[in-house]
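[1] Here is my input, please return the structure:
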Amino acid sequence: VLLTDGRATSTATGGDPMRDAVRAAGLLAADRVASVVVDCEHGPVRLGLAARVADALEAACLRLEELSADQVAGVVRAARAA
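    Okay, the predicted model is just below:
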């Protein structure tokens, strides 16, 4: 389960943080790692970056305000069954 707003918090590597995140997500998807992304982005400007990572992970993406314990458990169960 990945909790993120999709925004870079560090550029220590000097590279492109979004490209690196999408590449890492693709590697996890290739290894068939069951994943769920919780989009924690808030405010009037939403960039949708968490959804890009979820797409690369081949994972469900839930917005933080949509969450309930039952919904998270159901998505996790579905991801594990896939």
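
[2] need the contact list for the residue in the chain sticking out farthest from the centre.
    In the chain, G14 marks the outermost C-alpha relative to the chain mean, sitting 22.0 Å out by CA atoms, centre = their mean. By CB atoms under 8 Å, 6 or more residues apart in numbering, the contact set of G14 is empty. Bear in mind the C-beta positions are built from the backbone N, C-alpha and C, glycine included.

[3] From A56, how far out is it?
    From G14 across to A56, the span is 21 Å (CB to CB, to the nearest Å).

[4] Could you say which helix or strand holds V37?
    Using DSSP states H and E, V37 maps to strand 36-39.

[5] Identify each buried residue in the next helix or strand after that strand, please.
    Heading C-terminal from strand 36-39, the first helix or strand you meet, by DSSP H and E, is helix 49-57. Of all the residues in helix 49-57, those buried under the rule 16 or more other CB atoms under 10 Å are 49-54, 56-57.

[6] between the helix or strand harbouring A24 and helix 49-57, how many degrees?
    Here A24 sits within helix 17-30, counting by DSSP H and E. With axes from the mean of the first three to the mean of the last three CA atoms, to 10 degrees applied, the angle from helix 17-30 to helix 49-57 works out at 30 degrees.

[7] mind listing what's buried in helix 17-30?
    17, 21-22, 25, 28-29.

[8] Now pLDDT and distance to D5 too, for these, in TSV please.
    Output for these, formatted as TSV (pLDDT from 0 to 100; distance: CB to CB, whole Å):
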residue	pLDDT	distance to D5
P17	84	12
A21	88	12
V22	91	15
A25	94	15
L28	95	19
A29	95	21
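
[9] Averaging pLDDT per element, find the lowest-scoring helix or strand in the protein.
    helix 69-81 (a mean of 77; mean pLDDT, DSSP states H and E).
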